[in-house]
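Chemist: What follows is a protein structure lacking sequence information:
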DNA sequence: CTGAAAGCGCTTACAG
DNA sequence: CTGAAAGCGCTTACAG
């Protein structure tokens, strides 16, 4: 008796019956499967003819179950349904991943935001061959779980060092630390000596943010700039804290925002209180994309080669899936600084007074 | 004997053995499957305990095969690996589709560009429950094939009328025709009487382009503007034909570009030959997104609510998948015009001469 | 060279 | 209420 909710697809069996051969023979001819199976040219022709006539389409769910391979890679990043609002960064990331995957005949599945309460293992439900995980959480409890994770996975963006040392996961990131150096060098060259580092709430503990902050500290130190508590703030995404900060600042002439969007919001907030950027204040961001060309003034920002990075992440993931190699890779891409219109020579302390 | 390349996953059977119950009982308790199966509370508790201890993860490939449902929707549009280069339009489309899918616990699979030589049926290989097809081809031969297509499918962007009449496919689009009216009304109000419609090569036969062109004809006619062969051109994506056209134009004072990108490229091309937009020429585009804010000058463009459209497309697709209803919907969303800085009062013919 | 058969891990109609 | 069994559509080791 047939099960009711079945699709009316033509199966390998039907082709085999129609052609008067075994299922194995059809599988061999149509899909090239089965090393021990051999089929002569005439029979092969006949099989192909029947398959075409019946409009046979292989059921890939069945193949997946049998071979435990899906030819699909999962992509995991937060707030997927909001990429048009966020930094262009994510669009380049998608392009990089997709181009590599498609050229190697893989599909891309976007996974909904990871549920921190669900078991990590549920990602290994047989629907993807591997995972590209953007901003892999860095908390110890998560990493503990992650150690047991069975699916090939590449983390995009710097994980905490111990995960890398484990060799448990490949990771690809830009050199956030060096990026901060580029920013500070640039600002110092322009005469700035008091620089604020602005983090974003709920992003302040991401590996990226932490690495940029580290770089900020180190570079300031190198330039003999004293960095204290009042030089690092955590603001909301819309930088609403900016005006209050501006009124109580202690001699700062520049802000280094942890990403492009926060930088842009600071620009907007400054405009609202009629601050002139870059004359009165220099602003720098991170993740230099087309978006930074659209701000007023255009935002100076660190450029990370996100397309190349994400393409590379996809590449090593596929290599791992196909090679089955236990070997892990980790690559850090260098950054550059795109100097635009939001940075300028530091105003001298007394000239700030004049401008008020 | 075990097959070698098998993953080491815990199965329903193992849980059942460990708990001393039937597979059916475990399936019922853990997944809620099987209406005829009933399990008491104590046994259910025991089963859940064992499953947790063994770290059981259901194999969804197996479920897919059995139920012929994947809880995954495929998205098909061209040049996926290049969205960062293209109009922002596609990013909003992704957001709309993803937000609806995710909120209803579906996954989104991005399909590589459709191979026109492959059989259409191969999309129905059991890996997606339905399809959102952006810019469904409108050629007769394609539509012929499409008539036999077995997978639920929603077309985003206007298909040719006959496909709609068939009721064979649901479709969602904006009112391209009315969008053109908005453009022409705006330009006529500014005094323009000679308007060029610019198509893009390889896109000139898309339903969108054709509908916009229709609207252009109709609206011009309504305003008593004569439209001839010299008023419609097909240019390459970078608008390289623009300078030559400008030198040989026959009194045109405005260009209506079929989409935002071509509009932006015309702006750039005009800048290269030191034309002043909008003083010497008005330019309008279609698909008003953040991108139009970034051009110099900012591009006046028709705004289609692409996020809402794509979200709606996803919604009716899921309704169809879940309801199994044969009912098809078709919805046309209204457009609005975002007037920015690339349009102005038409220069009088002799003042054009002065400007040269 | 070829076919019959086992099995992937589930769901579900059916028999007890 | 519960379990044993068939079957989804493939792939592949094995026997002829």
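Modeler: Thanks, I have it. Keep in mind the model is a prediction, meaning the values are calculated, not measured.

Chemist: Stretch A:296-311 vs chain B: in contact?
Modeler: Yes. Stretch A:296-311 reaches chain B (CB under 8 Å from any CB of the partner chain) through residue A:307. The C-beta positions use only the backbone N, C-alpha and C, and glycine is treated the same way.

Chemist: got any ranges where the stretch 101-250 of chain A has weak pLDDT?
Modeler: For the stretch 101-250 of chain A, applying pLDDT under 70 flags the ranges A:158-168.

Chemist: residue in it nearest to DNA strand C?
Modeler: At 7.4 Å from DNA strand C, residue A:126 is the closest residue in the stretch 101-250 of chain A, using CB to the nearest atom of the strand.

Chemist: In contact with that residue, which residues?
Modeler: Residue A:126 makes contact with A:64-65, A:68, A:70, B:7, B:9, B:59-62 under the criterion CB atoms under 8 Å, 6 or more residues apart in numbering or on different chains.

Chemist: Can you show me the strands along chain A?
Modeler: Counting by DSSP state E, chain A has strands at residues A:72-76, A:107-111, A:130-134, A:153-156, A:170-174, A:195-200, A:232-235, A:254-257, A:282-286, A:300-303, A:330-333, A:336-338.

Chemist: Would you format the ones you listed as CSV with mean neighbour count included?
Modeler: As requested, these are exported to CSV (neighbours: other CB atoms under 10 Å in any protein chain shown):
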stretch, mean neighbour count
strand A:72-76, 23
strand A:107-111, 22
strand A:130-134, 24
strand A:153-156, 26
strand A:170-174, 24
strand A:195-200, 22
strand A:232-235, 17
strand A:254-257, 28
strand A:282-286, 29
strand A:300-303, 26
strand A:330-333, 15
strand A:336-338, 17
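
Chemist: Go through those and name the closest to DNA strand D.
Modeler: Closest to DNA strand D of the strands of chain A is strand A:72-76 (CB to the nearest atom of the strand; 15.5 Å).

Chemist: quick one: average pLDDT of that closest one?
Modeler: Mean per-residue pLDDT for strand A:72-76: 96.

Chemist: list the helices and strands that strand packs on?
Modeler: helix A:89-103, strand A:107-111, strand A:130-134, helix A:306-323 (3 or more CB pairs under 8 Å, 6 or more residues apart in numbering or on different chains; DSSP states H and E).

Chemist: nearest to residue B:135, of those?
Modeler: Closest to residue B:135 of the helices and strands packed on strand A:72-76 is helix A:89-103 (CB to CB; 17.2 Å).

Chemist: For the closest one, list every residue counted as buried.
Modeler: By 16 or more other CB atoms under 10 Å in any protein chain shown, the buried positions in helix A:89-103 come out as A:89-102.

Chemist: Give me the most central residue, chain A.
Modeler: Nearest to the mean C-alpha position of chain A, by CA atoms, centre = their mean, lies residue A:134 at 4.0 Å.

Chemist: Contact partners for the closest residue in space to that one that isn't next to it in sequence?
Modeler: Excluding the flanking residues, the one nearest residue A:134 by CB to CB, 6 or more residues apart in numbering or on different chains is residue A:77, at 3.7 Å. Contact analysis of residue A:77 by CB under 8 Å, 6+ apart lists A:90, A:93, A:133-135.

Chemist: Most widely separated two among those residues?
Modeler: So, the contacts of residue A:77 by CB to CB: farthest apart are A:90 and A:133, at 13.9 Å.

Chemist: that older thread, ok, which of the helices and strands packed on strand A:72-76 comes nearest DNA strand D?
Modeler: Between DNA strand D and the helices and strands packed on strand A:72-76, the shortest gap by CB to the nearest atom of the strand is with helix A:306-323, which sits at 14.0 Å.

Chemist: Show me what that closest one packs onto, helices and strands only.
Modeler: strand A:72-76, helix A:89-103, strand A:130-134, strand A:153-156, strand A:170-174, strand A:330-333.

Chemist: picking that back up, wait, the residue nearest to the centre of chain A touches residue A:75, no?
Modeler: Yes. The criterion here is CB atoms under 8 Å, and residue A:134 meets it with residue A:75 at 7.4 Å.

Chemist: Identify the residues contacting the closest residue to chain B within the stretch 201-350 of chain A.
Modeler: Residue nearest to chain B within the stretch 201-350 of chain A: residue A:294 (3.8 Å; CB to the nearest CB). When contacts are counted by CB under 8 Å, 6+ apart, residue A:294 touches B:290, B:293-294.

Chemist: Save those as a markdown table, and put in pLDDT too.
Modeler: As requested, those are exported to a markdown table (pLDDT from 0 to 100):
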| residue | pLDDT |
| --- | --- |
| B:290 | 80 |
| B:293 | 82 |
| B:294 | 76 |
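
Chemist: So which of those reach DNA strand C?
Modeler: The subset of these within reach of DNA strand C, by CB under 7 Å from any atom of the strand, is empty.

Chemist: so which of those comes closest to DNA strand C?
Modeler: residue B:290 (43.3 Å).

Chemist: Quick check: that closest one vs residue B:186, distance?
Modeler: To residue B:186, residue B:290 is 21 Å away according to CB to CB, to the nearest Å.

Chemist: Compare these two and say which one has the larger neighbour count.
Modeler: residue B:186 (19 against 15; other CB atoms under 10 Å in any protein chain shown).

Chemist: these two touch, right, that one and residue B:300?
Modeler: Yes. With contact defined as CB under 8 Å, residue B:186 counts as touching residue B:300 (7.5 Å).

Chemist: returning to what we had before: ok, how many other residues are close to the nearest residue to the residue of the stretch 101-250 of chain A closest to DNA strand C once chain neighbours are set aside?
Modeler: Leaving aside its chain neighbours, residue A:126 sits nearest to residue B:61 (4.1 Å; criterion: CB to CB, 6+ apart). The number of residues packed near residue B:61 is 24, by other CB under 10 Å.

Chemist: Likewise for the one 5 residues further on?
Modeler: Using other CB under 10 Å as the criterion, residue B:66 is surrounded by 15 other residues.

Chemist: likewise residue A:46?
Modeler: A total of 18 residues lie near residue A:46 under the criterion other CB under 10 Å.

Chemist: Quick check: it vs residue A:20, distance?
Modeler: Residue A:46 is 8 Å from residue A:20, by CB to CB.

Chemist: what's the answer for residue A:13, then?
Modeler: Residue A:13 is 13 Å from residue A:20, where distance means CB to CB.

Chemist: residues in contact with residue A:211?
Modeler: Shown in contact with residue A:211 (CB under 8 Å, 6+ apart): A:158, A:173, A:176-177, A:180.

Chemist: PyMOL command to pick out the buried ones of those residues?
Modeler: The following PyMOL line selects those of the contacts of residue A:211 that are buried, judged by 16+ other CB under 10 Å:
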select buried, chain A and resi 158+173+176+177+180
